Each structure stands twice: as structure tokens, then as C-alpha cells.
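Visitor: Just to be clear, the model below is a prediction. Sequence and coordinates:
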Amino acid sequence: MPGSISRLIFLDHSIESNQVQPAGVDLRVGEIHVFKGAGFLGSKERELPPTERLEVNDGAWLLRPGAYKVRFLEAVMIPPTSVGLCFPRSSLLRMGAVLHCTVWDPGYRGRGEGLLVVFNEHGIRLSRGARVAQLVLLNVTPPNGIVYRGFYQGENL
């Protein structure tokens, strides 16, 4: 297992050998949600838009062009001396879709989410457990050992 990934802690699922890559570990789809309203982000407040979880049909989701929230199957804890960067897998890009993720700060604990945008006019099909992202850890030295304590700490656990 790559050195930095060996420090990554999986909270509730063990990873499969095909998830370990030379530079990171693949994250799998756990749930897909559609947005059902508007959100708000102010300077000191936020209101996340309501979503609805999609059900799998015939073993997969058929996703038409548009934006979807992906909740990953794996719940993780980022070590206090690492930062996680999440990238789409190339197979997803080759299907006409992208996955946008954010920085996962040192000490983040939770089941992360990403924004899946389907551009392929014919849509794409994804099964639960499909590998859609790769999480890469980089070593960092947080000032004064500060770790993440923000709004999303412990999300989706």
C-alpha cells in the first residue's frame, strides 16, 4: 500500500485490493442524490439545498445530463499530518462526466461527498460501488497542530 495511504483510516468499510493505486486510493459510489431546491452561502451562514436519494434500477443508476451529489461509500479519517485531494477517475471522464471534490483537511472525519456533473447527452450508468474518485494524501505540517473542526466534521456517519 502506498506510504501515505497506509496512514488513511477507513472508519466502516475495508478497502478492496483493486482500490489501491500507485498514488492514492479509489473511492466508490455509495449514494447518488438529486438537488430539489436552491442553497444559500453567505459570509457567515449557509443553507444547503434539499436533496433526494435516487434508487438503483436494474443494478445501476441511469443519470441524464445534469448535476448530482455523490456520497462516497467509504468513511475516512484524514491523518492530522495529511491533506486529502480528491480527483475523478479517468474512466468517468471518458464517459462524459466529471466529479468535483474539495480539499479534505487534516483531521477531517466523515463520509465525503462530491459533485458529479454529467455532460454526455446520452447520460451514463453507474452501479453502487463503482470507483469514481481517487483520494490522494499529501504530507502537511498544520500550524500548531490545528486539525479540521468545521461544519462538515463527522458528516454522513
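Guide: Nice, thanks for sending it over. Just so we're clear, the structure is a prediction, and the values are computed from it rather than from any experiment.
Visitor: Do me a favour and average the pLDDT over the longest strand belonging to the chain.
Guide: Ordering each strand of the chain by length in residues (DSSP state E) puts strand 25-35 first. For strand 25-35, mean pLDDT rounds to 95.
Visitor: Show residues contacting it.
Guide: Outside strand 25-35, the residues that touch it by CB atoms under 8 Å, 6 or more residues apart in numbering are 5, 8, 15, 18-20, 49-54, 61, 63, 66-74, 86, 89, 111-112, 116, 126-135. To be clear about C-beta, it is placed using only N, CA and C from the backbone, and glycine gets the same treatment.
Visitor: which of the residues in it are buried?
Guide: Within strand 25-35, the residues that qualify as buried are 25-33, 35, counting by 16 or more other CB atoms under 10 Å.
Visitor: got a list of what the residue nearest to residue 28 when sequence neighbours are not counted touches?
Guide: Among residues not flanking residue 28 along the chain, residue 73 sits closest, at 4.2 Å (CB to CB, 6 or more residues apart in numbering). Neighbouring residues of residue 73 by CB under 8 Å, 6+ apart: 13, 27-30, 111, 128-129.
Visitor: quick one on the thing from earlier: mind checking which of the contacts of strand 25-35 are buried?
Guide: Among those, those that count as buried by neighbour count (16+ other CB under 10 Å) are 5, 8, 15, 19, 51, 61, 63, 68-74, 86, 89, 111-112, 116, 126, 130-135.
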